[in-house]
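In: below are the sequence and a predicted model for it; my questions follow.
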Amino acid sequence: MSHSVSSFNPTADSISPVKFPPVSGLEAQDVELENLRRKLGAHMENLFLGPMPIESFLKDFLPMDSATRKQKKPRVSKTYFDAIPKGQEHTMYEPFVNLINNSGLIPGFKMVNTSAHLDKDGNKNRPLIKPDPSMYRENLEVEDKVTQMGELEAHNELKSSDDDDAFKDNDEFVFQSLTERGRRTRNQLIHYATEWFSRQHRRHGFTIFMFGSYVRFIRWDRAGAIVTQKFNFRKDSTHLQNFLWRFSHLNAAGRGRDPYVRAANAKEIEIAHQELHEWKPTVERPVLVFTIPVENGKHRDFIGWGSMSGPYSLIGRSTKGYPVYEQATKTKAFLKDGWRAHSLSPEADILRELQEKKVQYVPGYVCGGDVPDSVTHTDLYVTAEESGESEDEVDVDMETKHHGDVTATKRDGSWKHGKSWRRVIQRFLHRFVTDIIAKPLNTFKNSKHMIEVVSHAFTAHRQAYELCDIIHRDVSANNILITDSGGILNDWDMAKKRADIQRRRKHERTGTWEFMSSLLLAGHHSAHTIQDDMESFVLIVIYHALRYFEHNQARRTLYIINQVFNNRTVLPDGDCEGGEGRLALFQNKNYITRNFQLTSPPLHRWVWTTIKVVREWIRSELPNDDDDDYPVGDYIASITQHTSFPAPQSPAIQDRPTGRKRSLDDHSKLANIFAGTLTEPNWPEDVPHDILPELRAAEKRAQHGRGTQDIGPSQRNTGEMRRSAQLASNGEHNPSKTSKRGRMGEDVGGSGQSIKRSRTSVNTTSPRRVTGMARPRLPSKPSQSRARPEDGRSNAGQSRGSGEASGSVDPLRRTRASSAVSGKKKSPRRRSGGSQPSQNRRKH
C-alpha cells in the first residue's frame, strides 16, 4: 500500500479526548450502580500504592519547569479552604468551586459544579453519572452540557466525613480501608476514573480526594494508582495550593493527554461523516485524527469517528478499536489501540511475522507499534522481588529494543504499605493499523457459514503454530471475525512463541473466561498449549449453536450457558474461580446430554464429534479416570476419507504423556473434522436467531414473581421454567434433584420440544478476558511430577489461599447419581450433573 508521509513533532496541546461506546460482558445485563462499582473495585484490588509522601508525589508527577518557577504564585492563606462548610456533602460543592476559581491558582482552567447534572453523552448501557465538581479548560462551553467526562481535565471527589477515607496511613500491612464506608468510597473513585479513561485517550489522570478535613491526591494509569498521605487542608492547605498551581502549568501531555491524538478539523470531520458513515456511533462522539509514527521521523494520519469496541476497566490492556480512513491513500482500515504488558511481544511484530510467512486468514499489518513515551509509572515503585518476578522472567532484550532499559527507571517505593504487588504490571501503549474492517462472528448467515468462518480461523491458528511457532492464547468469539471472503483470527496481543512460554518459570493463564479450556481453568497445567486453544474453538461453536440455532433443549439454553460458560466467582482480591461445569460437560456428558439434538444434522454431528475429541484429551491428561473407548475415529474417517489437509511440517508434539497418538496431539484431526463437515450435503438454510433475550425476559418475570409466559408453542410447564430460571440466576445446580421431566440440564421431552424462533438476530457483546486465575486443586499424575503453577502478572489478579475444608469434594472427581427418569432403569454409565465445587484453592 502506498502512502504519503510528512514530518511530525507532537506539541503539548495536539490532543483531544475521545468518547466511545464501550463493550460490556458476554452476557450483558442491566447492572445496578452498586453492583457495578463492586465489580470495578474487585478489579482494582491491591493495585493502590500508598501512602506516598506529598512532596515526592509533586516532584515526580507535577514538576515545575523554569518558566513556572519564575511566575509569581498568588498568595493564599494556609486556612483559605477552611471556609468549606462541614456537615452534609452537597453543601461543600459550591464553596469548593468558588474558592478555587477565585484563588487564581488554576489559570487557564475553571472548576464547575457538575454534581447535579448527568453526563448527557454517557453510555446508555451503563448508569449515567454526576461527578462532584469537575475541572475543565477555561474556554469550554458548559451552558448546554455541564457534565462532560470527555472533556474532564482533573477529577474531584468530596466526602463530608473523615470516616469516608478509602485508605489508611497507620497500617503497615494494609493500605486500603477495610470499612464498609471506605470500600464504598474507593469503589466510587474507581468508577469515576474508569468512566473518565474510557471516554478519552489518556495516559494518566489526577484526582483530588477531599473527605472531612483531609485531602489525598491520586494518580491513575493503566497499571494501578498511587495515593498520597492525607493532610489536614483546614489547618494548612499549602499542599492543595501547590497541587493546583503546578497542575495548571503542566502541558497537555503532563496532565495525561495523548499527544498523538488530536481533534479533527472541519474538512476532516466532513470526510469522516462521508467515508465512515457505515460505522457512525450511536451516541455523539467527536471525530479524531490518530498520528502513527513511521520510519525516518515521518508519520501517517488516520481519521476515526467513534470506537467499535472498547474496555470498561481502568487497568489492563484497555483495548479500543476504530474504523479509520487515511486521506492520503483514500483507503479504509482498522486501528487498534491498547496497553500491552511488558512481558508480551508487540502485536504489530506478531502480525508482521505472520504476514512474512504468508499465514492465511489473519489481518494484514499496515503500520504502527509502541507509541513513544507512553508507559505506565505506577509499576516503577514496585521492585521485581515485590512483584514476584525474577530476573530470568524479564525479556530484557525485547524491552530494550522497544523502550530502552526499563529496569533503570525504577524509583524508591519504600513508603508503600501492604505486601502484595504481583498484579502491578508495566504496560506500554501499543497502536497500529490493519488492512481490514471485519464483522462480529455472530453475523453469520447460517450454521454452515458459522462453521466455515470458524474453520478459517482454525486454519490461521494452525499455520501460525506450524510456520511461526506462535500460539494465539486467546481464542474467543470476539477474536473470530467475518470478512467478505470468510473468517479471520484476530487479536494476537496475547500470542507468544512456544519456546517463550516454555522457558518462563512463571506463566500467565490467559484467555477469555467464557472460552478458556477446562484444564486451564482447573489449574491442571500453567503453560498455555495448542490443546487449550483447540478446545476454545470447540467451545465457541457449542456456545453459538446453543444460542443461535434450533435444538430440543431450548428452554434450558440460558441455564446451560450460565453453568458451562459464565459460571465464575470474582473474589474480593480480584481473582476468579470456577469452571467445574465446563469440565463436567466434556468429562461427564453433563448439560449437553445424550438426547440433545440440534436441528442441523451436520452441526449436530460436528458438536458431538468434537466433544468426544476433547473428552479423549481430558481423560488422557487426568489420572484415575475411566478410560472409555469412544469411537472418535469412526466418524472422522467416514467424513474425511476423501480429504487430505495439506500443512507444513509441524514442530514436535508438546507434552505428550502417553505412547499412543491422541486426537488433539496436533491440529490435523480437528482440521479434518472441519473439512469433512463442510462437505456434507444436508446443510439446512437455518437463519440464526438469538434466543437469550426471550429466556432472560422469562427469568426476570420469574424473579419478580409475576409468572412466566410461553415463549414458544412447545413450552407448557411454566412452573419448571420458573425453577430453571431461578437456578440459572443463582448459579446453582444439584444433580441429585429431579423433576417430573428429569434431571436439571437434561431435556427428556425429545426433539419435538423446540422453541419456534423468529428470523431476527441480536449481536453478542464482548466477553472480558482474564489472566492469572487461581484454580481448584488437581491430583497429579502418578507417572509425572507436578510443577506448582505460579500466578502470572495479569489483569485478573493474584490468587487467594484458603485452607482445605474437611470433607470437600475434588472438582474433578466424578460422582454417580440416579438417572431414573420417567420410569427408566438406572444406567451404570450415567453421571450426575457435576460434582460440588471444591473449596480448595492453591496458593501462588
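Out: Structure received.

In: could you use CA atoms for every contact and neighbour count after this?
Out: Noted.

In: now do the contacts for the residue nearest to residue 434 when sequence neighbours are not counted.
Out: The shortest distance from residue 434 to any residue that is not its chain neighbour, by Cα to Cα, 6 or more residues apart in numbering, is 4.6 Å, and that residue is residue 365. Each residue near residue 365 by Cα atoms under 8 Å, 6 or more residues apart in numbering is listed here: 348, 351-352, 355, 432-435.

In: which strand or helix spans the nearest residue to residue 486 once chain neighbours are set aside?
Out: For residue 486, ignoring the flanking residues on the chain, the nearest one in space by Cα to Cα, 6+ apart is residue 453 at 5.4 Å. Residue 453 belongs to helix 447-468 when assigned by DSSP states H and E.

In: name the helices or strands packed onto that helix?
Out: With contacts defined as 3 or more Cα pairs under 8 Å, 6 or more residues apart in numbering; DSSP states H and E, the secondary structure elements packing on helix 447-468 are helix 347-356, strand 470-471, strand 480-483, strand 486-489, helix 530-548, helix 601-621, helix 668-678.

In: now the last one: how far from the chain's centre is it?
Out: It stands for helix 668-678. Between the mean C-alpha point of helix 668-678 and the mean C-alpha point of its chain there is a distance of 31 Å (Cα atoms, centre = their mean, to the nearest Å).

In: now that helix - C-alpha only, PDB.
Out: These are the backbone C-alpha positions of helix 668-678, laid out as PDB (Å, rounded to 0.1, in the frame of the first residue of the first chain):
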ATOM      1  CA  SER A 668      -4.800 -32.500  11.900                       C
ATOM      2  CA  LYS A 669      -7.700 -34.300  13.400                       C
ATOM      3  CA  LEU A 670      -9.800 -31.300  14.200                       C
ATOM      4  CA  ALA A 671      -8.900 -29.800  10.800                       C
ATOM      5  CA  ASN A 672     -10.200 -32.900   9.100                       C
ATOM      6  CA  ILE A 673     -13.500 -32.700  11.100                       C
ATOM      7  CA  PHE A 674     -13.900 -29.100   9.900                       C
ATOM      8  CA  ALA A 675     -13.100 -30.100   6.300                       C
ATOM      9  CA  GLY A 676     -15.300 -33.200   6.300                       C
ATOM     10  CA  THR A 677     -18.300 -31.500   7.900                       C
ATOM     11  CA  LEU A 678     -18.300 -28.600   5.400                       C
END
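
In: what is the mean pLDDT for that helix?
Out: Helix 668-678 shows a mean pLDDT of 97 in the predicted model.

In: the chain should start at 16 in everything you say after this.
Out: All set: I'll call the first residue 16, so the last point we hit is now helix 683-693.

In: for whatever helix or strand comes next after that helix, which residues meet the burial criterion?
Out: Read in the C-terminal direction, the helix or strand following helix 683-693 is helix 707-718, with elements assigned using DSSP H and E. For helix 707-718, the buried set under the neighbour-count rule, 16 or more other Cα atoms under 10 Å, comprises 707, 710, 713-718.

In: nearest to residue 489 among the residues you listed?
Out: Distance to residue 489, by Cα to Cα, is smallest for residue 707 among these, at 24.5 Å.

In: ok, the closest one touching residue 562?
Out: Yes. Taking contact to mean Cα atoms under 8 Å, the distance of 6.6 Å between residue 707 and residue 562 places them in contact.

In: shared neighbours, those two?
Out: With contacts taken as Cα under 8 Å, 6+ apart, residue 707 and residue 562 have residue 572 as neighbours in common.

In: how about the helices in the stretch 116-265 of the chain?
Out: Secondary structure of the stretch 116-265 of the chain (DSSP state H, counting those that start in this stretch): helices located at 195-213, 253-263.
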